[in-house]
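Novice: okay, here's the prediction I keep looking at, along with the sequence it came from:
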Amino acid sequence: MKEHYDIIIVGGGIVGLTVALLLAQSDKRIALLDKKGCIESFNREQYDVRVSAVTPASVKLFEQLSVWDNMVALRVSPFTHMHVWDGDGQGKIQFNAASMGVNELGYIVENNVMLQVLWQRVLAAANIELLNDIDLDYLQRHEHNSNIELHGGDTVLSAPLIIGADGAQSWLREAAHIGITERDYQHHALVCTVKTEKAHDKTARQRFMPEGPLAFLPLGSAHESSIVWSSAPTHIDTLMQLSNDDFGIALTEAFQSQLGAVIEVGPRATFPLVMRHAKHYVQSGLALVGDAAHTVHPLAGQGLNLGLADAALLAELVLQDYAHKNERVKYSTLRRYERARKADNATMLAAMDGFRHLFGNDIPIVKWLRHRGLNLTDRLDFIKSLILQKAMGV
């Protein structure tokens, strides 16, 4: 059996669902392929261990899709201040929303909140067909169409445009023989929800230590935060083996008791940190977005926002092509997407590499320069404003 669509999207994560909803504003027939399908209902009694920092630019995109209010109704956690300091506390920089003339710098949003709302919208879209519980076997490229053969060979899906939003281990990227630049950060990230003695005051805090950064991201409850601790795999393994009480003590010490004692610790999870950047984002009739195209160290919280920016620009350019009555998206259009997003993403990847090496260096002269640089920047409002604008995506 062969089924033809105008667009096939591989991957139903946050970025894949977003690009599907953006493209559903056309009259095109869209297939969304995802192995898992919709997630279970949102649990108000427990925070998701996976959270993302969502910038005002990404909020604007969600507002355009009329999904932001529904996310807010479930649970989002605004933050108004950011406080970053060097390991020994001699260098620091602080940001606040008031200096930018805004109410919030951004939001900490649980991944399952975004997924729940986006899935609801996708299921309600008349021109998006969800295909889940399927395995993809083979990609076959033709001049004007591409075919994806499903496991077993009984079904072939065909479309002139295929979009890969299927994550860091992208099946589509590999099937299209698109190479990647890959570098292991030699870090694992430990994430969990904690309760602290002192209130977080809607402030995102991050301490840079030679072994890696530790961030406390404020959640909706005044005393609860989501933490991201990046360090060497052996150190993370040791932390994972600690009891909750001992882990809370270690966490309090590592964070220099900025929020008092850590008094409760939720379930912990870890994942390896690897930089990946696809050598090409597009081929004729094919495009990659989000983690399928790039992954970045989470120290600046920009990973999801970069993926959403991919989705927004790709959809905008594709819809422009359709508005001009083009039956197929031109390769030149896809190249415009690639040139713009690849340059922006490469800049962010390089910046994160630079920060990681700078703050992971314990040479005295480097530490002194780092302290001086942080403190000087903290006094220069103009420079701080430029940094914030980039971080906020405005």
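Specialist: On my side now, so go ahead. Keep in mind that this is a model prediction, so the values were computed, not measured. Numbering: from 1, shown residues only.

Novice: ok, residues contacting stretch 143-156?
Specialist: Outside stretch 143-156, the residues within contact range by C-beta atoms under 8 Å, 6 or more residues apart in numbering are 1-4, 8, 10, 33, 134-140, 157-160, 162, 285-286, 328. C-beta: built from backbone N, CA, C; applies to glycine.

Novice: stretch 326-336 too?
Specialist: Contacting residues not belonging to stretch 326-336 are listed as 144, 160-161, 281-287, 317-318, 320-322 [C-beta under 8 Å, 6+ apart].

Novice: ends of it, what's the gap?
Specialist: End-to-end distance of stretch 326-336 (C-alpha to C-alpha, to the nearest Å): 16 Å.

Novice: report the buried residues of it.
Specialist: Of the residues in stretch 326-336, those with enough neighbours to count as buried (16 or more other C-beta atoms under 10 Å) are 328-329, 333-336.

Novice: how about stretch 76-90?
Specialist: 76-87.

Novice: related to what we said a few turns ago, return the subset of the buried residues of stretch 326-336 lying in helices.
Specialist: Judged by DSSP state H, helices contain the following of the buried residues of stretch 326-336: 333-336.

Novice: out of those residues, the closest to A309 would be?
Specialist: Of all those, A309 sits closest to R336, with 14.3 Å by C-beta to C-beta.

Novice: circling back: let me know the closest of the buried residues of stretch 76-90 to G307.
Specialist: The closest of these to G307 turns out to be V76 (C-beta to C-beta; 18.2 Å).

Novice: just flag the most distant two among the buried residues of stretch 326-336.
Specialist: Put simply, by C-beta to C-beta the two of the buried residues of stretch 326-336 set farthest apart are R328 and R336, 15.3 Å from each other.

Novice: and the residue nearest to L74 when sequence neighbours are not counted, what element?
Specialist: In this structure, L74 finds its nearest non-sequential neighbour in V113, 4.8 Å apart by C-beta to C-beta, 6 or more residues apart in numbering. Using DSSP states H and E, V113 falls within helix 111-124.

Novice: same check, this time on S230
Specialist: S230 belongs to strand 224-231 when assigned by DSSP H and E.

Novice: repeat for N70
Specialist: For N70, the enclosing helix or strand under DSSP H and E is helix 68-74.

Novice: tell me which other helices or strands the following helix or strand past that helix touches.
Specialist: Scanning the chain past helix 68-74 towards its C-terminal end, the next helix or strand to appear is strand 77-79 (assignment: DSSP H and E). Using 3 or more C-beta pairs under 8 Å, 6 or more residues apart in numbering; DSSP states H and E, the elements in contact with strand 77-79 are strand 106-110, strand 212-218.

Novice: could you give the angle of the first one to helix 111-124?
Specialist: Orientation note: strand 106-110 sits at an angle of 80 degrees relative to helix 111-124 (axes from the mean of the first three to the mean of the last three C-alpha atoms, to 10 degrees).
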